[in-house]
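Student: got a sequence here, can you model it:
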Amino acid sequence: MTGFTDEEREHIREELHRAGRELFAQFGLERTRIRDLTEEVGIGTSTFYRFFDSKEALYLSILVRERERFAEELDAELAEASGVRAEVRRTIEYFLEELSSNPLYYRLLLDDEIRTLHRQLPDEVVEEHHRAAMTTGDDRIDRWTSEPSFRADDPEEVQALFRLLGFTIAAREELFEPADAVDLYERSNELLVDAVVDGLFVD
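Tutor: Numbers count the residues shown, from 1 in each chain. Sure thing, here's the model as predicted:
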């Protein structure tokens, strides 16, 4: 890529990731325009296309970084877990905390932005990202399902369980917050986590 030094290219790429994360989180993928991104970074549209083929490609690149960050932080969280049961509980708690505090993950799961990616990117690109996302933590889940005390023996079922749990965040947004009942949601969510963890293990 001519016209920029290595340092300038790295700076522009990082700025595009920063701007993309902020704008996609605030407005979503469909409502964010390439012009919004370039104006935020201070570059021209032609320069944008020297780094990414589309805004969807930038979005996917940001998601890859988010996935890697999440995996690293979760590993650190679980480093001192006292056993498999504690590890499962903390993983569920951390997953729900991340989903409730990360607008990108929220939009991806609950606003169906994956469908927008499917429309705009080659199927094989999206499918590869989906496979990579689904395999994040596979070693951990495989270890769980190999434990005699763990009820589930199919890792895909455990992955699906996490996706289902993610939709409880939508209940907070759509039901509990409008009713000014966030405290009730938090208490109920703790009960749900207790019930799920207890249900996953044979006493």
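
Student: what is the least confident helix or strand in this structure?
Tutor: helix 123-135 (a mean of 63; mean pLDDT, DSSP states H and E).

Student: outline the domain layout of this protein.
Tutor: 1-52, 63-200 (automatic domain parsing).

Student: flag whichever of those has the least confidence on average.
Tutor: The stretch with the lowest mean pLDDT among the domains of the chain is domain 63-200, at a mean of 86.

Student: that one: end-to-end distance?
Tutor: Domain 63-200 has an end-to-end distance of 29 Å (criterion: Cα to Cα, to the nearest Å).

Student: got it, and stretch 147-166?
Tutor: Note: stretch 147-166 ends 24 Å apart using Cα to Cα.

Student: in that stretch, what's buried?
Tutor: 147, 150, 152, 155, 158-159, 162, 165-166 (16 or more other Cβ atoms under 10 Å). (Glycine included, C-beta is placed from N, CA and C.)

Student: per-residue pLDDT, the closest residue to I34 other than its chain neighbours?
Tutor: Computed as Cβ to Cβ, 6 or more residues apart in numbering, the closest residue to I34 that is not its neighbour in sequence is K55, at 5.3 Å. K55 is assigned a predicted lDDT (pLDDT) of 93.

Student: give me every residue that touches R89.
Tutor: Residues near R89 by Cβ atoms under 8 Å, 6 or more residues apart in numbering: 193, 197.

Student: just use 36 as the starting number from now, easier for me
Tutor: Done: numbering now begins at 36, and the last item shifts to R124.

Student: give me the contacts around stretch 221-231.
Tutor: 124, 127-128, 131, 196, 200, 203, 207.

Student: just give me the closest of the residues you listed to R44.
Tutor: The nearest member of those to R44, counting by Cβ to Cβ, is L131 at 37.5 Å.

Student: ok, that closest one - how many residues close by?
Tutor: Neighbourhood size, L131 [other Cβ atoms under 10 Å]: 19.

Student: surely it touches F202?
Tutor: No - between L131 and F202 there is no contact under Cβ atoms under 8 Å: 10.6 Å.

Student: with that, I have no additional questions.
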